[in-house]
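[1] from the sequence below, what's the structure:
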Amino acid sequence: MSKTMKLMKMVSRQKLAFFFIAVILFWLKTYAAYKIEFTLGIDNSLQKFLLFLNPLSSALFFLGVALIFKGRLQHCVLLGIHFLLSFLLYANVVYYRFFNDFITVPVLMQTKTNGGQLGDSALSLMSVLDILYFSDFFILILLLAFKVYKPVEQKSRKAYFSVLTASVLVFLLNLGLAEKDRPELLTRSFDRNYLVKYLGTYNFTIYDMIQNAKSSSQRALADSSDISAVENYVKANHSVPNPKYFGKAEGKNVIYISLESFQTFLIDYKINGMEVTPFLNSLAHGNQTFYFDNVFHQTGQGKTSDAEFMMENALFPMSQGSVFVNKAQNTYHALPAILKSRGYTSAAFHGNYKTFWNRNEMYKSLGYDKFFDAEYYSMSDENTKNYGMKDIPFFKESMPLLTSLKQPFYSKFITLSNHFPFKMDEGDTDFPAGQFGNNNVVNQYFQSAHYMDTAIQQFFNDLKASGLYDNTMVVMYGDHYGISENHNEAMAKVIGKEITPYENAMLQRIPVFIHVPGVKGSVNHTFGGQVDIRATVLHLLGIDTKDYLESGSDLLSEKRKQIVPFRNGDYVSAQFTKVGEQCYNTATGEEVEKKDCQSVSTVVKNQLSISDDIVLKDLLRFYKPEGFEPINRLDYNYVKEEEPKAEDPAIIKN
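    Now for the predicted structure:
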């Protein structure tokens, strides 16, 4: 018998041998996933060591639970825990491949709401080779099947407490070293990437569960006294309207159009000499539309729903999860409700079913009178893609519904065709794909964007034909990025330069168009975010926002602060841009001293904190702006009414 066989036999006789094999395999697999799948920004040797170390405490802590049991049950429990942890790791891998982020408890709640709608996107992110993320699990099963390790017939409670103690000591060492490299890691406003880099995915999940529980308790503990500090801060930072534009759209209809996954770099971009978005380009360079080319998306994990939330509430989204899912029962002073107090009818148009992103509940809190969802459209295979109705048939079938609304109206259209995965059906567009390497995500993005541009042009033509165009303010905005950081290699070819952290921040620009009939527009270079658009729209309608508690400021105001906070605490301003711990000159992209960013960082922290207080504590229930009529959610019901039958007395009478 060889020395190797003797060694294996000796190891197999040890009571904890199978447990430690499971721990080591799981530890190494997790570390490999960190290195292969996640871009965590490892800067020094200590961070490299922590990345290697942090899976160990989790492996010991969770797998160690199996040691409480004996016999076959011990092995079954260990395999069960191992599989669940492996599944959590793999779920994070798939989620990260597109969102460049990690799963949180609120995201899991969103999955329960949206799970049936996310299948195509999730499948497109998976690979046959992903089975390797469960290879250690299969190895453990084979070791048991071939009886290399036999069940331990006595309980190992003493061993369990030893392993538990070891896991705690490893974690404390991990946390201590992490705090040395990044002080106040758990208390300051850090990106989830930082937490995973220093603590690992499993410890991050525990931290996230604690934070989520803390967030849930904040509302219960809040009272009316909490509103005073918020009100004082917001009113002290109010940007007065620009008298040149205030009230220029008074009494007009309002149409919001969410441009799915649309980034500003697409404007004027050409493929093979052809404009990707010729119609939107014409609006950007015409003199009848305000085009804002320095507005950035500020969405978090809620993506499109976060953009909707900011556009209508002028508050920041949650740092984890989606307001639409987690805070749908809150009190809001949303744009539909504000305009309702002034005689407006409101309606939302969306070529997907009303439960997606919990819209059927959230829209009640926002005050929407009507919600035209997939039940109102011809949802044939030919007309649908990814998450619902293709944009061209969506706008075409929406026109009769739109013209049926009582004027003045506020309406919102949510496009879908330019959503990942971007591949279009044959016959939908003849626009060529990009040629930026073996990356269909980036290559196909230009085709779906061109298709959306065609749909928008059609809608504008239909508005003119219907007679609505000359009495309607149209607001269009990109909702969030389309191409994530995971595709920066291809994107570097698209924009013709290396994508540094600074350049990546600049890629988060989303176009904003505001067309006001009879008002001369222009290109506006002010730095702003999605939270700023509501104040801009209300001031154009002649409604001063000074009495509303919001985080945004009018993009047309002459005295606004040009600071754009991102949800993770980074920001872009007219002078400086902060990404992680680095500070850049916004005009040149060159690194500057970190101290140059400190004063703006304080402003950003305060803005995010004030908004979080409003949302997490549901503070608007304690505050009523002058002239605002509170919303009663019980007044709204988005069940489609049946078409009246011919024999109905009402029809016969008519």
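[2] test my guess that residue 412 contacts residue 308.
    Yes: counting by CB atoms under 8 Å, residue 412 does reach residue 308; the two are 7.5 Å apart. For the C-beta atoms, the positions are set from N, CA and C on the backbone; glycine is no exception.
[3] the residue nearest to residue 250 when sequence neighbours are not counted - how many residues pack around it?
    Distances taken as CB to CB, 6 or more residues apart in numbering place residue 542 nearest to residue 250, at 4.0 Å, with adjacent residues excluded. The number of residues packed near residue 542 is 15, by other CB atoms under 10 Å.
[4] show the pLDDT at residue 437.
    Residue 437 is assigned a pLDDT of 84 by the prediction.
[5] count the neighbours of it for me.
    By other CB under 10 Å, neighbour count at residue 437 equals 13.
[6] so it sits in a strand?
    No: with DSSP: H, G, I helix; E, B strand; the rest coil as the criterion, residue 437 is assigned coil and is not in a strand.
[7] backbone phi and psi for the closest residue to it other than its chain neighbours, please?
    Sequence neighbours aside, residue 490 is the residue nearest to residue 437 in space, at 5.3 Å (criterion: CB to CB, 6+ apart). Dihedral pair for residue 490: phi -70, psi -40, per degrees, to the nearest 10.
[8] just the element for residue 514, please.
    Residue 514 belongs to strand 512-515 when assigned by DSSP states H and E.
[9] what is the mean pLDDT for that strand?
    For strand 512-515, mean pLDDT is 98.
[10] the stretch 451-600 of the chain: helices as residue ranges?
    Taking DSSP state H, counting those that start in this stretch, the helices of the stretch 451-600 of the chain run over residues 488-495, 501-506, 533-540, 598-616.
[11] so of the ones you listed, which one's packed in deepest?
    Highest mean neighbour count among these (mean count of other CB atoms under 10 Å): helix 533-540, with a mean of 26.
[12] what's in contact with that helix?
    Contact with helix 533-540 is made by 239, 241-242, 245-249, 254, 295, 310-314, 335, 338, 473, 475, 477, 512, 514, 516, 544-545, 550, 552-557, as judged by CB atoms under 8 Å, 6 or more residues apart in numbering.
[13] now swap in stretch 48-58 and tell me
    Taking CB under 8 Å, 6+ apart as the rule, stretch 48-58 contacts 23, 26-27, 30-31, 34-35, 40, 42, 85, 167-168, 170-171, 173-174, 177-178, 181, 197-200, 202-203.
[14] again, 7 Å this time
    Outside stretch 48-58, the residues within contact range by CB atoms under 7 Å, 6 or more residues apart in numbering are 27, 30-31, 34, 40, 42, 167, 170-171, 174, 177-178, 197-200, 202-203.
[15] would you show me how to pick out the buried ones of those in PyMOL?
    In PyMOL, this line selects whichever of the contacts of stretch 48-58 come out buried by 16 or more other CB atoms under 10 Å:
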select buried, resi 27+30+31+34+167+170+171+174+177+178+197+198+199+200+202+203
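[16] what about the contacts of stretch 48-58, which are in strands?
    Under the assignment DSSP state E, the contacts of stretch 48-58 contribute nothing to strands.
[17] just to revisit the earlier point, from residue 457, how far off is the residue nearest to residue 437?
    The gap separating residue 490 from residue 457 is 28 Å, by CB to CB, to the nearest Å.
[18] low-confidence ranges in the stretch 101-250 of the chain?
    Counting by pLDDT under 70, the ranges of the stretch 101-250 of the chain that qualify are 106-107, 109-122, 152-156, 187-191, 215.
[19] hmm, try it at 50
    Residue ranges of the stretch 101-250 of the chain with pLDDT under 50: 189-190.
[20] show me where the stretch 51-200 of the chain has helices.
    71-99, 105-114, 119-124, 135-145, 157-181, 192-199.
[21] what's in contact with the last one?
    Contacts to helix 192-199, defined as CB under 7 Å, 6+ apart, come from residues 38, 40-41, 47, 50-51, 54, 101-102, 174, 178, 182, 185, 204, 207.
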